[in-house]
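S.K.: Need the 3D shape of this:
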Amino acid sequence: QVQPVESGGGLVQAGGSLRLSCTTSGRTFSSYAMAWFRQAPGKEREFVAAISGSDGRIYYLPSVKGRFTISRDNRDNAKNTMYLQMNNLKPEDTAIYFCAARPSTLAFLTPQQYDYWGQGTQVTVSS
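M.R.: Below you'll find the model as predicted:
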């Protein structure tokens, strides 16, 4: 079983940057597909980015492509960590960001496909 824990959120001005981290427990991190979702007040949870467990295939929400970068560290001595580097942040990026894991090497873009979720970290972008 994998228990994701997010960190790195905060308040930043438009145009600024933040890096989110997601650490997980378990010994088979590389066999899990990982993803970031976000949820703004009054809105549904939205896919942001995903990375597969095996070949590192990456997917992005079109509005964040070119600004956000998802990556993961599968090394044995790493802390099973996934990252989301967010640059050129915009007020519309304001949301709670969630890390999710799926016990399959294939990544999917809908929240229903993910079994394990973190508690979320708040990202607020001021204009």
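S.K.: what number of residues lie near residue 110?
M.R.: As a burial measure, residue 110 scores 10 neighbours (other C-beta atoms under 10 Å). Heads up, the C-betas are built off the backbone N, CA and C, glycines and all.
S.K.: which SSE is the closest residue to it other than its chain neighbours in?
M.R.: Spatial nearest neighbour of residue 110, excluding adjacent residues (C-beta to C-beta, 6 or more residues apart in numbering): residue 47 at 6.9 Å. According to DSSP states H and E, residue 47 maps onto strand 46-51.
S.K.: Tell me the first helix or strand C-terminal of that strand.
M.R.: According to DSSP H and E, the helix or strand after strand 46-51 is strand 58-60.
S.K.: What strands flank that next one, and is each parallel or antiparallel?
M.R.: With DSSP bridges as the test, strand 58-60 is paired with strand 46-51 (antiparallel).
S.K.: Tell me which residues of the partner strand come out buried.
M.R.: Buried residues in strand 46-51, counted by 16 or more other C-beta atoms under 10 Å: 47-51.
S.K.: swap in stretch 53-66?
M.R.: 53, 59-61, 64.
S.K.: tell me how far it is from the chain's mean position?
M.R.: Averaging C-alpha positions (C-alpha atoms, centre = their mean, to the nearest Å) puts stretch 53-66 10 Å from its chain's average.
S.K.: ditto for stretch 97-113
M.R.: From the chain centre to the centre of stretch 97-113 is a distance of 10 Å (C-alpha atoms, centre = their mean).
S.K.: Ok, stretch 86-95 next?
M.R.: Going by C-alpha atoms, centre = their mean, the spacing between the C-alpha centre of stretch 86-95 and its chain's C-alpha centre is 14 Å.
S.K.: Having no further points to raise, I will conclude here.
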